[in-house]
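Colleague: this is a predicted model, with the sequence first.
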Amino acid sequence: MISGTDTLGQATPLPQLKESPDTENLTTRPQADNPRPVLVVSVTSGKGGVGKTAIVANTAIAMSRMGKKVLIIDANLGLANIDVIYGLTPHYNLNHFFGGLVDLNEILVEGPGGVKILPSGSGLTQMTRLKPSQKAQFIEGLDRLDEKFDAVLIDTEAGISDNVTYFNTAAQEVLLIATSDPASITDAYTLMKVLFLQFQQRNFHLLVNVARDSDEGLEVFQKLTIAADRFFDISLNYLGYIPFDENMLESRRRQMPLIELYPDSQASASFRSLAKGLLSLPTDLCPKGSLQFFWKNFLAQNPSQDS
Ligand SMILES: Nc1ncnc2c1ncn2[C@@H]1O[C@H](COP(=O)(O)OP(=O)(O)OP(=O)(O)O)[C@@H](O)[C@H]1O
Ligand SMILES: [Mg+2]
């Protein structure tokens, strides 16, 4: 089943919940102190360079300006990552945490608009090889985070590596980014297919980036819909498009997000609409809605190292 809307901010309700994997081996304190639902969105794409990092960077600020506490998990090991866009130089990353040098609170850095970033370094690659005790250490570290977040955006790498598929399967919502480039559409389709066939992921949101106009955005959505319709029970929800904005180049060069540099641009307005659309997704579908729940989901998929 394919469902969707053609306007930003009017997402259709998602039909079902993901099952919680078996996380019995992971010990954690009860979540009584964090009862608020957290929106966890994995921002992903089949093809690289379609704008994931730019979208995460700007949408996070838009959410923050709406009064939400936002965390970005930088799961992208590439060069042009979130801290570059925000002009930040993190001192620590997850490697330092797993090395026992710092607490998770010390790793988080603050970006524009109060957005927090969890820099991964190569720590996320390491996370696919954690011992059970390290997994527990990480989950307990999350419990000690000073801040409680309303929304978590994960900037993933492109493609279908293990890390990417684990993040997409663990996150509450998967936001697929594609452009009108045929290669991007084909790769987006392949990613959905892999996530559906191998990980039973059925619900996806689509955002079309660098679109000329709304027609071009809709065209990409329709192409993907027709292709994805070959699979029974996949839901693709259209969240709209971000127009091409020539000022993105300047934004990169000045290490200032577009939404800060040109808040009145059409692209900035689209980032705000996207933020609104994501924040209005029904949170009652999230069973335990917590950062811990997401990470336990993630870690439960990774084979533990016994030694
Ligand atoms: N709406 C837009 N208009 C104009 N340029 C854009 C837009 N969105 C992104 N870009 C530009 O496209 C390039 C790629 O963007 P970005 O690095 O965010 O992609 P990515 O999907 O994160 O790439 P990767 O897969 O390598 O992580 C950047 O130079 C960025 O400034
Ligand atoms: Mg990127």
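Modeller: Sure, I can see it. Numbers count the residues shown, from 1 in each chain. Ligands and ions are numbered 1, 2, ... in the order given.
Colleague: and the strands in the stretch 101-250 of the chain?
Modeller: With DSSP state E, counting those that start in this stretch as the criterion, the stretch 101-250 of the chain has strands at 109-110, 116-119, 151-155, 173-178, 203-211, 235-243.
Colleague: how far off strand 203-211 does the fourth one point, in degrees?
Modeller: Orientation check (axes from the mean of the first three to the mean of the last three C-alpha atoms, to 10 degrees): strand 173-178 against strand 203-211 gives 30 degrees.
Colleague: what does the third one give?
Modeller: Taking the same axes, to 10 degrees, one finds strand 151-155 and strand 203-211 inclined to each other by 60 degrees.
Colleague: neighbouring strands - and their directions - for strand 151-155?
Modeller: strand 39-44 (parallel), strand 70-74 (parallel) (DSSP bridges).
Colleague: and ligand 2, is the longest one touching that?
Modeller: By that I understand strand 39-44. No: with C-beta under 5 Å from the ion as the criterion, ligand 2 is not reached by strand 39-44; the gap is at least 9.0 Å. Heads up, the C-betas are built off the backbone N, CA and C, glycines and all.
Colleague: name the residues of the stretch 101-250 of the chain found near ligand 1, please.
Modeller: Ala158, Asn209, Val210, Ile242, Phe244, Asp245, Met248 (C-beta under 6 Å from any ligand atom).
Colleague: ok, and the most crowded of those residues?
Modeller: Ile242 (29 neighbours; other C-beta atoms under 10 Å).
Colleague: that one contacts Ser214, doesn't it?
Modeller: No: Ile242 is not in contact with Ser214 according to C-beta atoms under 8 Å; the separation is 11.3 Å.
Colleague: between the strands of the stretch 101-250 of the chain, which one is nearest to Phe298?
Modeller: The closest of the strands of the stretch 101-250 of the chain to Phe298 is strand 151-155. By C-beta to C-beta, the value is 9.6 Å.
Colleague: which residues does the residue nearest the centre of the chain bridge with?
Modeller: By C-alpha atoms, centre = their mean, the chain has its centre lying nearest to Ser42, at 2.4 Å. Going by DSSP bridges, Ser42 is paired in beta bridges with Ile154, Val174.
Colleague: could you report the separation of it from ligand 2?
Modeller: 13 Å (C-beta to the ion, to the nearest Å).
Colleague: equivalent analysis for Thr89, please.
Modeller: 18 Å.
Colleague: low-confidence ranges, the stretch 51-200 of the chain, go.
Modeller: 77-80, 122-128 (pLDDT under 70).
Colleague: run the last query once more with 90
Modeller: 74-81, 83-85, 89, 93-101, 104, 119-148, 157-172, 198-200 (pLDDT under 90).
Colleague: stretch 58-69 close to ligand 1?
Modeller: No: remark: stretch 58-69 sits outside contact range of ligand 1, by C-beta under 6 Å from any ligand atom, the gap being at least 8.8 Å.
Colleague: and the residue of the stretch 151-300 of the chain at minimum distance from ligand 2, what does it touch?
Modeller: Across the stretch 151-300 of the chain, no residue is closer to ligand 2 than Asp155, which sits at 6.0 Å (C-beta to the ion). For Asp155, the contacting residues are Val43, Lys52, Thr53, Val56, Ile72, Ile73, Asp74, Ala75, Asn76, Asn81, Ile82, by C-beta atoms under 8 Å, 6 or more residues apart in numbering.
Colleague: appreciated, that's everything.
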